[in-house]
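> Turn this into a structure:
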Amino acid sequence: MSTVYDVTTWSVPGNPALTCYTDIGAVINSIIADIKAQQPGQASKPGAAIYVPPGDYPLRTRVVVDVSYLTIRGSGHGFTSSSIRYNAGSTASWHEIWPGGSRIRVENTDGRSEAFLVARTGDPRLSSVVFSNFCLDGVGFTPHQNSYRNGKVGIRVDTANDAFRVEGMGFVYLEQALVVRDADALSVSGNFIAECGSCVELVGSGQASKVTDNLIGAGYVGFSVFAEGHEGLLVTGNNVFPRGRSLVHFKNTNRSSISANRFHGFYPGLIDFEGTNRENLISGNHFRREAEPWAPMQPYGNGKDDLYGVVHLRGDANMVSGNLFVYNVPTAKIAPSGATPTVVLVASGADNRLSDNSFAANVAVKAVVLDASTTGTKVLDSATAAQFQSYTSNYTLRPTP
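Here you go, the predicted model:
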């Protein structure tokens, strides 16, 4: 029994005319059916690997992954900037114009939104599914190529899962690149996820997962990294670039770390906390807030103004330490007009701590602002007296000399 399948050599039973060059989605579904037929025993299900060689493959039928221990892998993430192509005056002299490597074009003429839906009811939960080293290309956005909208999802994991890996992938021009529900020990690492409406969305709940060493850039309609109800999440070592409406968004997420990332954003709220978030660490990051420089994208934004903060903190016992914040927005582009921008806004919560943060700005800023509802905030060497503003008397301040 072979447990390694090649999409280019697989013959769909009863339909030899169907190939990976006509619909790779239907071919992979056929392979998964064969895996299940070949491994019916409860005690012996080693899983399998499905190989996608370098090439160009249309996906017209959604793939449903409902087996554990399955690896779907290619030989090249194939990422290239579709935005540059679509906004170029001419590509006639270019060497190539489309993503390459092991490229799957997400066409979804079956009416489904996902390229890959990973889901299974019953026990145990799905485990050890791997997506590795191929490209999911949404091809184009509607109604225009800068809208970040086309209804397409690269990978949606919709039931509880354990020890999944998404590594070395390329995602481009999808409204949602990766959506994972109820993850345990998920690894999202070493991917190119850019020019998508949203890049990484961890929804429902999760624990002990990581989003590390990725190159990520969402559109103004969505998130670069979103996490809901998570415990012990690491967001570390990523290079996150514009223009996501927030670069990291935590919602009711606790005891997690945002560390050693480079964040570059065009809108307020690069880091945005929603709900109640406890005991999180934001440390050792490099933040740069600028204005949108490219004329076609200047009409768009995330709806927040410069009083919202580069970091918008909500929750208790969080720590913001050892970060470098650079604010470089022309005075004419600060909103509301005439306002002094806020870098870190502690919008709610108790016993938060800010220490040893550094700030550089082209205009006067409020490095730290405390909302009236906050209590017990400690601000140590993270703002000069002139850069600090509080609407509560319940705080400790040791101003930066």
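
> contacting residues around the nearest residue to Gly309 once chain neighbours are set aside?
Of all residues not flanking Gly309 in the chain, Leu345 sits nearest, at 3.2 Å (C-beta to C-beta, 6 or more residues apart in numbering). (Each C-beta comes from the backbone N, C-alpha and C, glycine too.) Counting by C-beta atoms under 8 Å, 6 or more residues apart in numbering, Leu345 makes contact with Leu307, Tyr308, Gly309, Val311, His312, Leu313, Val369, Asp371.

> Next, Leu345: phi, psi?
Dihedral pair for Leu345: phi -110, psi 120, per degrees, to the nearest 10.

> again with Cys20
Torsion angles at Cys20 (phi, psi; degrees, to the nearest 10) stand at phi -60, psi -20.

> Can you tell me the number of residues neighbouring the closest residue in space to it that isn't next to it in sequence?
Excluding its sequence neighbours, the residue lying closest to Cys20 (C-beta to C-beta, 6+ apart) is Val7, at 4.2 Å. Other residues within reach of Val7, judged by other C-beta atoms under 10 Å, total 23.

> Tyr391 now?
Residues lying near Tyr391 (other C-beta under 10 Å) number 10.

> Hmm, Asp371 and it touching each other?
Yes: using C-beta atoms under 8 Å, Tyr391 is in contact with Asp371, at 5.9 Å.

> re the thing from before, list the beta-bridge partners for the residue nearest to Gly309.
Beta-bridge partners for Leu345, by DSSP bridges, are His312, Val369.

> Any buried residues in stretch 277-295, and which?
Neighbour-count burial for stretch 277-295 flags Asn277, Arg278, Asn280, Leu281, Ile282, Ser283, Asn285, Phe287, Arg288, Arg289, Glu290, Glu292 (criterion: 16 or more other C-beta atoms under 10 Å).

> Sorry, wrong one. I was asking about stretch 137-156.
For stretch 137-156, burial by neighbour count (16+ other C-beta under 10 Å) applies to 137-139, 141, 145-148, 150, 152-156.

> Adding pLDDT, distance to Arg243 and secondary structure, write these out as JSON lines.
Shown next, in JSON lines, are the buried residues of stretch 137-156 (pLDDT from 0 to 100; distance: C-beta to C-beta, whole Å; DSSP: H, G, I helix; E, B strand; the rest coil):
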{"residue": "Asp137", "pLDDT": "98", "distance to Arg243": "20", "secondary structure": "strand"}
{"residue": "Gly138", "pLDDT": "98", "distance to Arg243": "17", "secondary structure": "coil"}
{"residue": "Val139", "pLDDT": "97", "distance to Arg243": "20", "secondary structure": "coil"}
{"residue": "Phe141", "pLDDT": "96", "distance to Arg243": "14", "secondary structure": "coil"}
{"residue": "Gln145", "pLDDT": "93", "distance to Arg243": "14", "secondary structure": "coil"}
{"residue": "Asn146", "pLDDT": "92", "distance to Arg243": "10", "secondary structure": "coil"}
{"residue": "Ser147", "pLDDT": "95", "distance to Arg243": "13", "secondary structure": "coil"}
{"residue": "Tyr148", "pLDDT": "96", "distance to Arg243": "9", "secondary structure": "coil"}
{"residue": "Asn150", "pLDDT": "97", "distance to Arg243": "17", "secondary structure": "coil"}
{"residue": "Lys152", "pLDDT": "98", "distance to Arg243": "19", "secondary structure": "coil"}
{"residue": "Val153", "pLDDT": "98", "distance to Arg243": "20", "secondary structure": "strand"}
{"residue": "Gly154", "pLDDT": "98", "distance to Arg243": "19", "secondary structure": "strand"}
{"residue": "Ile155", "pLDDT": "98", "distance to Arg243": "22", "secondary structure": "strand"}
{"residue": "Arg156", "pLDDT": "98", "distance to Arg243": "23", "secondary structure": "strand"}
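
> Looking at these, which is nearest Gly244?
Nearest to Gly244 out of the buried residues of stretch 137-156 is Tyr148 (C-beta to C-beta; 10.0 Å).

> Name the nearest residue to the closest one, ignoring sequence neighbours.
That would be Gly219: by C-beta to C-beta, 6+ apart, it lies 3.4 Å from Tyr148.

> show me what contacts the one you found?
Tyr148, Glu195, Cys196, Gly197, Ser198, Arg243, Gly244.

> On the secondary structure side, give me the element for the second one.
It stands for Glu195. Assigned by DSSP states H and E, Glu195 belongs to strand 192-196.

> Give me the distance from the next helix or strand after that strand to the chain's centre.
Downstream of strand 192-196, the next assigned helix or strand under DSSP H and E is strand 198-207. Computed by C-alpha atoms, centre = their mean, to the nearest Å, the separation of strand 198-207 from the middle of its chain amounts to 8 Å.

> Neighbours of the nearest residue to Ser198 once chain neighbours are set aside, how many?
Counting by C-beta to C-beta, 6+ apart, Gly222 is the residue found nearest to Ser198 once chain neighbours are left out, at 3.1 Å. Using other C-beta under 10 Å, Gly222 is surrounded by 22 other residues.

> show me the residues around Gly222 that make contact.
Tyr148, Glu175, Gln176, Cys196, Gly197, Ser198, Cys199, Glu201, Gly244, Arg245.

> re the thing from before, pick the one among the buried residues of stretch 137-156 closest to Ala383.
Distances from Ala383 to the buried residues of stretch 137-156, taken by C-beta to C-beta, are shortest for Tyr148, at 35.6 Å.
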